[in-house]
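Novice: Structure for this input, please:
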Amino acid sequence: MECKLFVGQPVICTYDDWHDTMRDGSKKRITITPLPQKNKTYTIRTIEYIEKHGVYVRLKEIVLPPKHYIHGFHEPSFHHSKFKPIDEVSITTKQKFTLPKELTDLLKERVCNAIKMPPL
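Specialist: Predicted structure coming up:
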């Protein structure tokens, strides 16, 4: 799945059933708070690629304490597919927020380079 997000980008959460996948494949409801809320706007703070799991983001508005994971001890993050860029979501005023294509291309390139991911 392609990641269209970049650091500093405003996004809208499209998900509200947060859970962790356990080693045996079972799902466990996440009990940490706060969690992103569906239809609420957030700002991408960091983006990271976790091998075998995909691209995850942290949000400026939500800072959580680190916890132990199979792949290390760090702040929880959220799968990028649970968020949509504001420019892809119709805003109630019927306006859309977009950045110039040159700027978004440059930012995408920098994010891909920073996380050592092939260009989008």
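Novice: partners of residue 78 in the sheet?
Specialist: residue 57 (DSSP bridges).
Novice: What is the neighbour count of it?
Specialist: Residues lying near residue 78 (other C-beta atoms under 10 Å) number 19. Every C-beta, even on glycine, is put in place using the N, C-alpha and C of the backbone.
Novice: Wait, it touches residue 55, no?
Specialist: No - Residue 78 is not in contact with residue 55 according to C-beta atoms under 8 Å; the separation is 10.3 Å.
Novice: which neighbours do those two share?
Specialist: Common neighbours of residue 78 and residue 55, using C-beta atoms under 8 Å, 6 or more residues apart in numbering, do not exist here.
Novice: Okay, residue 32 and residue 102: tell me how far apart.
Specialist: 38 Å (C-beta to C-beta, to the nearest Å).
Novice: who has more neighbours, the two?
Specialist: Higher neighbour count among residue 32 and residue 102: residue 32, with 12 against 8, using other C-beta under 10 Å.
Novice: I figured the more buried one hits residue 64, correct?
Specialist: Yes - using C-beta under 8 Å, residue 32 is in contact with residue 64, at 5.8 Å.
Novice: any common contacting residues for those two?
Specialist: Common neighbours of residue 32 and residue 64 (C-beta under 8 Å, 6+ apart) are residue 76.
Novice: I'd like the next helix or strand past the worst-scoring helix or strand of the chain on mean pLDDT.
Specialist: Scoring the helices and strands of the chain by mean pLDDT, DSSP states H and E places strand 19-21 at the bottom, with a mean of 70. Towards the C-terminus, the helix or strand next in line after strand 19-21, according to DSSP states H and E, is strand 27-29.
Novice: outside of the helix or strand following that following strand, which residues touch it?
Specialist: Scanning forward in sequence from strand 27-29 by DSSP H and E, the next helix or strand is strand 41-50. Residues from elsewhere that reach strand 41-50 (C-beta under 8 Å, 6+ apart): 3, 5-13, 36, 55-62, 71, 77, 80, 83, 86, 111, 114-117.
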